[in-house]
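# take this sequence and fold it.
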Amino acid sequence: MAMLPSRSARGRRAPMAEINVTPLVDVMLVLLIIFMVTAPLLTAGVPVNLPDSRAKPLDQDAKPTQISIDEQGRLFVDKDEVADDALPARLEALAAKAGPDGQPPQVFLRADRTLPYERVMRVMGELNRAGLNRVALLTTEAPGAR
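A predicted model of the protein is given here:
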């Protein structure tokens, strides 16, 4: 009478010692492409054609308030359109929100390069009158600046 091999010896496999990384690489590349496409869309809410500059980027500690002036001269605080006569009240309310260090909040001013200088300076005057003196003028990096 012949001995049949036991079930446990037949059904047992040797452990697999290699990992197939191809699916992992595929998923990571797809995620990279998604982030590369969506990241530029998250930075600015109002399309503004900024002037070029050779200045280095500023270090920032908290999320600043963005004031934008588009090419038609319309004024935006963050993404909300604001009339010129309502701007002083809006800026005074913003200045009342002092940071933990007691300083007024940081303001980023984005103005289209085709605007008259007078329009931008009027907004800067209102910022100064409201006590917002931490203002940064945003630009794009000039070609060949690096």
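
# and the next element down the chain from whichever helix in the chain runs longest?
When the chain is parsed with DSSP state H, its longest helix is helix 22-38. Sequence order places strand 52-53 as the next helix or strand after helix 22-38, per DSSP states H and E.

# can you list the strands that the helix or strand following that next one pairs with?
Downstream of strand 52-53, the first helix or strand assigned by DSSP H and E is strand 65-69. Its sheet considered, strand 65-69 pairs with strand 75-77 (antiparallel), strand 107-111 (parallel) by DSSP bridges.

# looking at those strands, which is nearest to residue 32?
Closest to residue 32 of those is strand 107-111 (C-beta to C-beta; 28.2 Å). (Glycine included, C-beta is placed from N, CA and C.)

# distance from that closest one to the middle of the chain?
Strand 107-111 has its C-alpha centroid displaced from the chain centroid by 14 Å (C-alpha atoms, centre = their mean, to the nearest Å).

# which residues touch that strand?
Strand 107-111 is contacted by residues 44, 46, 48, 50, 64-69, 94, 119-120, 123-124, 127, 132, 134-138 when judged by C-beta atoms under 8 Å, 6 or more residues apart in numbering.

# just the buried residues out of the residues you listed, in PyMOL syntax.
With 16 or more other C-beta atoms under 10 Å as the criterion, this PyMOL line picks the buried residues out of the contacts of strand 107-111:
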select buried, resi 46+48+50+64+65+66+67+68+69+94+120+123+124+127+132+135+136+138
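
# wait, residue 136 touches residue 124, no?
No. Using C-beta atoms under 8 Å as the test, residue 136 is too far from residue 124 to be in contact (11.4 Å).
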